[in-house]
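Novice: Output the structure for:
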Amino acid sequence: MDKRSSSYAPRNLLNAAELKRGIKQRSQAREDEAPVQSWLLNHFYRHLAGNFEPARRLQNLQDASAALGGETLPEWVSRHFEELGKADAQEAGSVPPLVWVDPQEPQLLQQETLLVEFLISRKGTTLEGKLDRINCPQALALWEKEHAQMAARVDQGWRQSSAQALQVVVSCAEHNWVELLPDSPLLRAEMAFESYVMRHCLGQFADRRGLTGGYGERYAEAVEQADMRVFSLRDAQGQPHITVSLIVQGTGALTVEQVKGKQNRPPIERYFQDLLLFLDTMGTDQQTPADCIAIGIVRTEAGWLRIEAVSDPQAQTRLVARYPQLFSRLEAPTPMVQWLVAARQSDLLLELEPQAPAVKYATRHLYKKSPWPERRPEDPLYQTEGVQWTDMSCAQAEHIRAWHAENP
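Specialist: Presented below is the predicted three-dimensional model:
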């Protein structure tokens, strides 16, 4: 075919019926949908008749008879050569040639295969239902252009996603969590796809065509050896939004290693509920990685929660004991937590003023101005447990005592 051509050339096809029959039989065997089969019988057939090369040009009746294997020639073939014989050189050049196309020509079958791939790929696009607007030369040109672009992207690490490499593990309202299957031959290609779209190092292989070496090798080997499990939050179009890697401990327990959004950034908040559901469903251990801390979700005895939702006193104490910096994100920190922060990292109280009066009094030196009114000379010393509080009045002491009685 002349790649510059965008239409069908005028040619007479000797074995048209045979070629049409072959197209239809192969299409039915593939179980092509009706629009695909209709397009092939129209445009692909017209391409074979007018543009396909290699095509055998028939110069005379003997050539035509040999091409048909001795079968009786149609009457129109004789008329074709009669007209050709009567025409002068200039007129003969304008007569459409007679050709025969081998129905088993490998290039024919290859073109049909790639055209079917092209047609199926239009499903779900604006061209679905409008396939007849694209003729065969245009379809072939588009296929070549798109595959050249894909080849360039492969050199940059891109691969196409495949359902064969994935398994849905958790279904959410609008998205699904899928696992990249360790025993799939397409695992590394799926990792490359995830990495290309998400712009992180999970599937960044040094050899981008061979999918070996580099950062991706470490993750691929870990997954293949069942030391790690990798999951992706995918939308209805199969696009990833969060990548999670879990370490498989010797006991079988799962530890969250990384939770990454695009470009290694924290996932965006709209996906947090999907993330919490996934982590709870997987039953991970008590570890909370830095990635989760950064987005404000933590593992507690009750499961995975937003930090603001941690209200259990013991859970708060364990959380702040391990991650003091999270104190300011608690909506109602207990007095014990406030004392813990005052003792270990009191500067955090500058961000969130303690509500417990005793803690507020004990940390008054942190503020430029004491939260308590100046002690008057006539105020008596307040003494408790043998310790004199020289700048605390009885009223202040009673306020502290009453508050802690109501907030044990």
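Novice: contacting residues around the residue nearest the centre of the chain?
Specialist: For the chain, the residue nearest the mean C-alpha position is P240 (2.2 Å; CA atoms, centre = their mean). Each residue near P240 by CB atoms under 8 Å, 6 or more residues apart in numbering is listed here: E194, V197, M198, S232, L233, R234. The C-beta positions use only the backbone N, C-alpha and C, and glycine is treated the same way.
Novice: Now V259: closest residue in space, sequence neighbours ignored.
Specialist: Nearest non-adjacent residue to V259, counting by CB to CB, 6 or more residues apart in numbering: D291, 4.2 Å away.
Novice: Low-confidence stretches in the chain?
Specialist: Applying pLDDT under 70 to the chain flags the ranges 1-6, 87-94, 150, 154, 365-408.
Novice: Give me the contacts around the lengthiest helix in it.
Specialist: The residue-count maximum for a helix in the chain (DSSP state H) belongs to helix 136-155. In this structure, residues lying in contact with helix 136-155 by CB under 8 Å, 6+ apart are 1, 3, 5-8, 43-44, 46-47, 51, 111, 114-115, 117-119, 134, 158, 160, 196, 208-209.
Novice: how about the strands of the stretch 201-350 of the chain, start to end?
Specialist: Remark: strands assigned in the stretch 201-350 of the chain by DSSP state E, counting those that start in this stretch are 228-234, 240-248, 254-260, 297-300, 303-306.
Novice: got those strands as JSON lines, with distance to T317 columns?
Specialist: Shown next, in JSON lines, are these (distance: least, CB to CB, whole Å):
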{"stretch": "strand 228-234", "distance to T317": "31"}
{"stretch": "strand 240-248", "distance to T317": "27"}
{"stretch": "strand 254-260", "distance to T317": "22"}
{"stretch": "strand 297-300", "distance to T317": "11"}
{"stretch": "strand 303-306", "distance to T317": "15"}
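Novice: Can you get me a residue count around the nearest residue to R199 once chain neighbours are set aside?
Specialist: Nearest residue to R199 in three dimensions, chain neighbours excluded: Q263, at 4.5 Å (CB to CB, 6+ apart). For Q263, the neighbour count with other CB atoms under 10 Å is 8.
Novice: my guess is Q263 meets C201, correct?
Specialist: No: Q263 is beyond contact range of C201, at 10.8 Å (criterion: CB atoms under 8 Å).
Novice: about what we covered before: and for the residue nearest to the centre of the chain, nearest residue in space, chain neighbours not counted?
Specialist: In space, P240 is closest to S232, 4.5 Å off (CB to CB, 6+ apart).
Novice: so how far is A290 from that neighbour?
Specialist: Distance of S232 to A290, given as CB to CB, to the nearest Å: 20 Å.
Novice: Please apply the same query to W39.
Specialist: 54 Å.
Novice: thinking again about what came up before, more neighbours, S232 and A290?
Specialist: For S232 versus A290, the count of surrounding residues by other CB under 10 Å is larger for S232: 26 against 9.
Novice: Bridge partners for the more buried one, pull those for me.
Specialist: For S232, the beta-bridge partners under DSSP bridges are V178, T243.
Novice: Test my guess that it contacts W177.
Specialist: Yes: here S232 reaches W177: they are 7.3 Å apart, a contact under CB under 8 Å.
Novice: So R159 sits against Y196, correct?
Specialist: Yes: with contact defined as CB under 8 Å, R159 reaches Y196; the gap is 7.0 Å.
Novice: so what sits against both of the two?
Specialist: Shared contacts of R159 and Y196, counting by CB under 8 Å, 6+ apart, come down to G203.
Novice: what residues are up against the nearest residue to R208 once chain neighbours are set aside?
Specialist: What sits nearest to R208 in space, not counting adjacent residues and going by CB to CB, 6+ apart, is G157, at 4.8 Å. G157 makes contacts with A192, S195, Y196, G203, Q204, F205, R208, as judged by CB under 8 Å, 6+ apart.
Novice: Most neighbours among those residues, which one is it?
Specialist: Counting neighbours by other CB under 10 Å, G203 comes out on top of those with 31 neighbours.
Novice: measure that one to A163 for me?
Specialist: From G203 to A163 the distance is 17 Å (CB to CB).
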